Every structure is written in structure tokens, then in C-alpha cells.
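Novice: coordinates only, sequence not included:
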DNA sequence: GGTTTAAACTTAACAGTGTTAAGAATGATC
DNA sequence: GATCATTCTTAACACTGTTAAGTTTAAACC
């Protein structure tokens, strides 16, 4: 078959040949690494983190239970690479609004979390992922740097005196809103307050 | 050698074993429910959430692997009761500073989280606990009510227009600071910023 | 007091998990 | 075309939460 892909890192753009047969062959099906990540992500958003097992992922991908080991070493290795992709996507979501100020960027942050609740949760589950995995460390550092730059652009209506305090306050608010929103706590707050707002509008208001 | 479960089996001889343990008797030792919760909590703060298994808890408590079932029904039942205790303790920690304003209460919130990182994390792990457990639902509601009252006392230097937006902003900031602090992100921020502050001072500043 | 009943706790077993080890199949390289 | 290194397979191991059935004990009832 001329449709053979290079093992892991094709130096250039991996050309996708027409009529790619995903699981026709038993061995060496070519892009299992990518398929496993996509499968894991689907499973994550469909059924939550608790369902993200090595066997569940491989079963859905149609391969044997241990097929992920050569690619990721372990479950936490796979989850770490998935989390790394999440950090990269978050950075991508933040980049275009960087110039529009912190409120817009904060809103983009929370919206990313709400659009990918499972992935976002996974990104901060330090007992499920391994920060020593190079891809994760790199992606996390990239996103952190962008966040720091972002928080630096904030005007300071806050009462914090130190620069670190100001940034912590801003990041805390944004991250806390994301976490609370995913957990359903903000819906509860809206209900308790009797306010007639969408979740998005609430977050936007809280970030003013 | 560490695999043997129970050194002192009754074995039908004298009904009083020489080495009298905490509660002595093999069956009906009286306060196993409390002991299991305490053991689980120790294990939680010592080794993290990942180590909190039914078998690990009962092994450390010196009882059989299924001894927790009559009391809690399942692992998530046990963890839910533990989380309920956490919510109650959080409310207790917040009560005395309620009159001192939101900054003081926010600081108490974060300090509670930093003093009990495992427990605090567990309280918001919705895939490990079961919010339908009555004790948890009650404790969570109590603490939520106190939080809402607390957030209501805030002065509003924030830009939010709606009451819910203001409260979400405040709660988000406090909760986000707690989560980020536990995850070590605030230490990283301090290091990146080159600021010479304690974590506690940073949080206090961020809450001004 | 003696008997019955209900609960706590036990072992044994089941289905599931992540991981390891060894072998089969294949693409790449000399 | 032969060799080699991967990729993927099956089989097995140690572990998990949970269920079922049996044993021990405390309490309740006559």
C-alpha cells in the first residue's frame, strides 16, 4: 500500500491518501496514536473522566487492551498527552483575543472550559496526569507564559498592591469561574439569586 | 509478609486475645464508622486522592475489605460522607470571620483549603462523590447558604452590574485562588514574578 | 433468663482495571 | 533479499469495588 504513514513524526505535512482504511489491518495500522487520542477525547466528553480507562479507550478504538502502551507508556502518559493538547488549544483560543483586554480573554478562557469541560478538568487533575511528560510540560509552560502576559495587560481596579497579587486575583477569578461553572455551581447561584441570565452573560458580567 | 490481613483471628480459643487493639473485638467493634472516616482522612492527606480505595482504607483500619459496606454502601458513599464533613468544617472555619468582611472570609476559605488540600479537592470532585447522599447534600447546602450570605456582605468595587455577577466574581476569585494554590500554580506565579512573598501573603494581597 | 431477630463483620468469589512479558506480524534499513 | 526494530497481539499477574453467603454479636421480646 502506498498509503503507509511514517511511524510517528512525519517531517512534513502527513499527506492523507484517499481511501484511508482505518482498521483494515490488524498490525501497524499507521496512526493509532492519533486515533487513540481522539477516541479518548470523545470518551472523556461523552462519559466523563471516570470512564477514561486504558481498556475502555482501546476497546472503543477496536484494538487490543495494551495497544496504547508502545505509544504512551501508560494510562497517565496518554492522559498527559491529551492534557497537553488541551493546553495548546486553550492557548489557541486565547491568542486572538489577547489584544482585546483581560475581560475578553477571561471570557474566552471560561468559554473554552465550558466547551470542553472534561478536557479542562483533566488539565488540572494532577493525580491523573504526569507533569513530567515532556509534551505536557512544554504545552503547560507555553500556556502559562501566555496567561502571565495576558494578566499583565490588566488595568488594576483591584486592591492588590503587588504585581503578583494582582495577577493572582485575576487568574483566580477567571479560573474559579471556569471551575465553578463546570461544576454547576454558577447555575445554582443564578437559581438562588433568582436572576434571569444566561450562564455566559453571568460570566461576562462577573468579568467586567 | 505484609499481605496477611489480620494477625489476631479468634480461632476459637480464649475469647480475649492478649494484644488488645483499639476496640478489641473482631465483630461489632462499636465505632467502626467513625474510625473508617478518620482513617480515610489520614490516608487522603497523606497520600492523596488516588490512594483512597476501599481496600486501602479498611486495610489500614485493620478490618476486612468489605467492612465499610454496611456503613456506607460503597466507596463513593464513604467519600461523600467525608466530603460532607469537609463542608461542615469549612462552614465552621468561615463562621467566626463572617463579621469581618469578605476579604477576611475569603482568606479563611483559602486557608482552609491549604490546610486540608486533599479534603478540599475531594469536596469538589463530582465524579468521586455522590451529591445525592443526604449528609453531603445537607452539608453542602448549609455551606452554600453561608457563602451566599458572605458574598452578599461584599462592598462592590467590582465592575459587575448584576448581583449574581458580583457574587460570582467574588466566589470565583476565592475558589480559584484556593484551587490554584493547591495545585502549586501560585508558587509558580510567585517564582515567575520574582516576588518575595509567602503564599499566604500573596493570597491576602490578592483578596484586598 | 432464654429465644429470636437484626445488624455488623467475615471469607470467597466475580468482573473489572493497569501493567508486564513473551510472541507474531510488519515496515524500514542495510 | 535478510535483518532489525516497532507495533500490536494474547496471556497472565496483582490489584480494585462489589455481591453473596456465612458467622458472630448485640439488642429486643416473651
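Specialist: Everything's here; your move. Values in this document were obtained by computation on a predicted structure and should not be read as measured data.
Novice: Now for the residue of chain A found nearest DNA strand C, how many residues are close by?
Specialist: Distances from chain A to DNA strand C, computed as C-beta to the nearest atom of the strand, single out residue A:53 as the nearest residue at 2.8 Å. All C-beta spots, glycine's among them, are computed from the backbone N, C-alpha and C. By other C-beta atoms under 10 Å in any protein chain shown, 13 other residues sit near residue A:53.
Novice: Please list all residues in contact with it.
Specialist: Taking C-beta atoms under 8 Å, 6 or more residues apart in numbering or on different chains as the definition of contact, the neighbours of residue A:53 are residue A:75.
Novice: Repeat that for residue A:95.
Specialist: So residue A:95 contacts residue A:146 (C-beta under 8 Å, 6+ apart).
Novice: still on that earlier bit, pull up the gap between the residue of chain A closest to DNA strand C and residue B:121, please.
Specialist: When distance is defined by C-beta to C-beta, to the nearest Å, residue A:53 is 21 Å away from residue B:121.
Novice: Same question for residue A:36.
Specialist: For residue A:36 relative to residue B:121 (C-beta to C-beta), the value is 28 Å.
Novice: same check, this time on residue A:84
Specialist: With distances taken as C-beta to C-beta, residue A:84 is found 22 Å from residue B:121.
Novice: on that earlier part again, pLDDT at the residue of chain A closest to DNA strand C, what is it?
Specialist: At residue A:53 the predicted local distance difference test score is 98.
Novice: For residue A:34, see how far away it is.
Specialist: When distances are taken as C-beta to C-beta, residue A:53 and residue A:34 turn out to be 19 Å apart.
Novice: do residue A:172 as well
Specialist: Computed with C-beta to C-beta, the distance linking residue A:172 and residue A:34 is 35 Å.
Novice: More neighbours: which of those two?
Specialist: When residue A:172 and residue A:34 are compared for neighbours, residue A:172 comes out ahead with 27 against 13, by other C-beta under 10 Å.
Novice: In three-state terms, how would the more buried one be classified?
Specialist: helix (DSSP: H, G, I helix; E, B strand; the rest coil).
Novice: can you give me the helices in chain A?
Specialist: A:32-47, A:54-61, A:69-72, A:75-94, A:102-115, A:117-123, A:134-152, A:163-182, A:185-193, A:199-206 (DSSP state H).
Novice: Can you tell me which of those is packed in deepest?
Specialist: Mean neighbour count, computed with mean count of other C-beta atoms under 10 Å in any protein chain shown, is highest for helix A:163-182 among the helices of chain A, reaching a mean of 25.
Novice: what mean pLDDT does it have?
Specialist: Confidence over helix A:163-182, taken as the mean pLDDT, stands at 94.
Novice: Kindly calculate the angle that it makes with helix A:199-206.
Specialist: Between helix A:163-182 and helix A:199-206, the angle formed by their directions is 160 degrees, by axes from the mean of the first three to the mean of the last three C-alpha atoms, to 10 degrees.
Novice: name the helices or strands packed onto helix A:163-182?
Specialist: Taking 3 or more C-beta pairs under 8 Å, 6 or more residues apart in numbering or on different chains; DSSP states H and E as the contact definition, the neighbouring helices and strands of helix A:163-182 are helix A:102-115, helix A:117-123, helix A:134-152, helix A:185-193, helix A:199-206, helix B:163-182, helix B:185-193, helix B:199-206.
Novice: Residues in contact with the last one: which ones?
Specialist: Read that as helix B:199-206. The list of residues contacting helix B:199-206 from outside it, by C-beta under 8 Å, 6+ apart, reads A:158, A:160-162, A:164-166, A:168-169, A:172, B:103, B:107, B:110-111, B:114, B:173, B:177, B:181, B:186-187, B:189-190, B:195, B:197.
Novice: List the contacts of the closest residue to chain B within chain A.
Specialist: With C-beta to the nearest C-beta, the shortest gap between chain A and chain B falls at residue A:176, namely 2.5 Å. Contact criterion C-beta under 8 Å, 6+ apart gives B:171, B:172, B:173, B:174, B:175, B:176, B:177, B:178, B:179 as the residues in contact with residue A:176.
Novice: If you drop the residues flanking it in sequence, what lies closest to it?
Specialist: Ranked by C-beta to C-beta, 6 or more residues apart in numbering or on different chains and with sequence neighbours excluded, the top spatial neighbour of residue A:176 is residue B:176, at 2.5 Å.
Novice: distance of that neighbour from residue A:200?
Specialist: Distance check for residue B:176 against residue A:200: by C-beta to C-beta, it reads 18 Å.
Novice: Next: residue A:163.
Specialist: Counting by C-beta to C-beta, the separation of residue A:163 from residue A:200 is 30 Å.
Novice: So which residue is dead centre in chain A?
Specialist: Centroid-nearest residue in chain A: residue A:86, 2.4 Å away (criterion: C-alpha atoms, centre = their mean).
Novice: That residue contacts residue A:120, doesn't it?
Specialist: Yes - assessed by C-beta atoms under 8 Å, residue A:86 is found in contact with residue A:120 at 6.7 Å.
Novice: Need the overlap of contacts for these two.
Specialist: Taking C-beta under 8 Å, 6+ apart as the contact rule, residue A:86 and residue A:120 touch no residue in common.
Novice: domains in chain A, as residue ranges please.
Specialist: Segmentation of chain A into domains, based on automatic domain parsing, reads A:28-73, A:75-206.
Novice: can the shortest one be found next to DNA strand D?
Specialist: In other words, domain A:28-73. Yes - in this structure, domain A:28-73 sits against DNA strand D according to C-beta under 7 Å from any atom of the strand; the contacting residues are A:28-30, A:32-33, A:58, A:63-67, A:69-71.
Novice: circling back to that earlier point, got the helices and strands packed on helix A:163-182 as TSV, with distance to DNA strand D columns?
Specialist: Rendered in TSV, the data for the helices and strands packed on helix A:163-182 read as follows (distance: least, C-beta to the nearest atom of the strand, whole Å):
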stretch	distance to DNA strand D
helix A:102-115	29
helix A:117-123	20
helix A:134-152	15
helix A:185-193	25
helix A:199-206	32
helix B:163-182	23
helix B:185-193	29
helix B:199-206	32
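Novice: Out of those helices, the one nearest residue B:40 is which?
Specialist: Shortest distance between residue B:40 and the helices and strands packed on helix A:163-182, using C-beta to C-beta, is found for helix B:163-182: 18.7 Å.
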